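Participant: next come a sequence and a model predicted from it.
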Amino acid sequence: MPEHRTGTHEEWRAAREELAQLEAEQARRNQEIHRKRLELPWVAVEKDYQFDTEDGKKSLADLFEGRSQLLAYNIMFGPAYSRGACPGCTSLGDELGGTLVHLNHRDVTLICFSRAPIDRLLAYKQRMGWQFPYASTYGTDFPFDFGLAMTEEQTQQVPEVKAMIDDPPEGLQEWSEQIGAELRDGLREGPGWIAFARENGTVYHTYTVMAPDPFVAPYHSFLLERTPKDSPSEARIWRKDEYPD
């Protein structure tokens, strides 16, 4: 017999209908959140940021590639990371390639940012087989201006971050080893999505969302939520070329 509670089809159907009501309620709530998100005011970006890319220096406007919307994921890969990007961010990056054609045909350019130098980003991109554009924010104010990274001083001013640095849980210490950086450097990077719009030659910042929001998670985590057995939250995340088997 399985360890999970079993029952009749009638019992399953009744429980499923009860759950369906909660899911429908959540769907309505998500529609309201989406409407509120679209109503956020746009803020003009006045600073001239220059990014290192595979094709040389580019401005923020250049990254749009002629489209009017830019959606970017900030991968945790700081200058101090000696073993590659955060495994969790990496697994999210693995899932982005197939979305490019669909987003591009809806007037959206998808890219990723990281703070490590461009040569290290491109080497990692090749290793992972990624197809999306990858831009380096190394040496710019961009990640700090938009809350995608913290200065050394800021890490000491955020109680939650300081606590993790001073007394790291076991799993976080393993993560530190995976990226090859001390926690005080590793936790300076922030995983998150940031969106921009371009109209009449002006670039606007429109939206940012950071972890632990569910949107800042690999899609396979949502798939695991629909499987019969709960995936342990403490399960270690591996890069796809590092699984023990």
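Facilitator: Here it is on my side, so go on.

Participant: pLDDT below threshold where in the chain?
Facilitator: 1-2, 232-234 (pLDDT under 70).

Participant: top helix in it by residue count?
Facilitator: helix 9-38 (DSSP state H).

Participant: chain center to it: distance?
Facilitator: 25 Å (C-alpha atoms, centre = their mean, to the nearest Å).

Participant: tell me which helix or strand comes right after that helix.
Facilitator: Next helix or strand after helix 9-38 toward the C-terminus (DSSP states H and E): strand 43-44.

Participant: which residues touch the helix or strand just after that following strand?
Facilitator: The element immediately downstream of strand 43-44 (helix or strand, assigned by DSSP H and E) is strand 50-53. With C-beta atoms under 8 Å, 6 or more residues apart in numbering as the test, strand 50-53 has contacts from 57-60, 63, 113, 117-118, 133-138, 140, 142. Every C-beta, even on glycine, is put in place using the N, C-alpha and C of the backbone.

Participant: mark which of these are buried, thanks.
Facilitator: Among the contacts of strand 50-53, the ones that count as buried by 16 or more other C-beta atoms under 10 Å are 58, 60, 63, 113, 118, 133-138, 140, 142.

Participant: can I get the residues you listed in JSON lines with distance to Glu182 and secondary structure?
Facilitator: Output for the buried ones among the contacts of strand 50-53, formatted as JSON lines (distance: C-beta to C-beta, whole Å; DSSP: H, G, I helix; E, B strand; the rest coil):
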{"residue": "Lys58", "distance to Glu182": "31", "secondary structure": "strand"}
{"residue": "Leu60", "distance to Glu182": "31", "secondary structure": "coil"}
{"residue": "Leu63", "distance to Glu182": "31", "secondary structure": "helix"}
{"residue": "Phe113", "distance to Glu182": "22", "secondary structure": "strand"}
{"residue": "Ile118", "distance to Glu182": "23", "secondary structure": "helix"}
{"residue": "Pro133", "distance to Glu182": "30", "secondary structure": "coil"}
{"residue": "Tyr134", "distance to Glu182": "24", "secondary structure": "strand"}
{"residue": "Ala135", "distance to Glu182": "25", "secondary structure": "strand"}
{"residue": "Ser136", "distance to Glu182": "21", "secondary structure": "strand"}
{"residue": "Thr137", "distance to Glu182": "21", "secondary structure": "coil"}
{"residue": "Tyr138", "distance to Glu182": "19", "secondary structure": "coil"}
{"residue": "Thr140", "distance to Glu182": "23", "secondary structure": "coil"}
{"residue": "Phe142", "distance to Glu182": "23", "secondary structure": "helix"}
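
Participant: list just the nearest of these to Ser91.
Facilitator: Using C-beta to C-beta, Tyr134 comes nearest to Ser91 of the buried ones among the contacts of strand 50-53, at 15.9 Å.

Participant: where along this structure do the strands fall?
Facilitator: Secondary structure of the chain (DSSP state E): strands at 43-44, 50-53, 56-59, 69-74, 108-114, 134-136, 192-199, 202-210.

Participant: helices or strands next to the longest one in the packing?
Facilitator: In terms of contacts (3 or more C-beta pairs under 8 Å, 6 or more residues apart in numbering; DSSP states H and E), strand 202-210 is packed against strand 43-44, strand 192-199.

Participant: one more pass at 10 Å, please.
Facilitator: helix 9-38, strand 43-44, strand 69-74, strand 192-199 (3 or more C-beta pairs under 10 Å, 6 or more residues apart in numbering; DSSP states H and E).

Participant: kindly report the same for the third one.
Facilitator: If contacts are counted by 3+ C-beta pairs under 10 Å, 6+ apart, strand 56-59 sits against strand 50-53.

Participant: got the buried residues for the strand it packs on?
Facilitator: Under 16+ other C-beta under 10 Å, the buried positions of strand 50-53 are Phe51, Asp52, Thr53.
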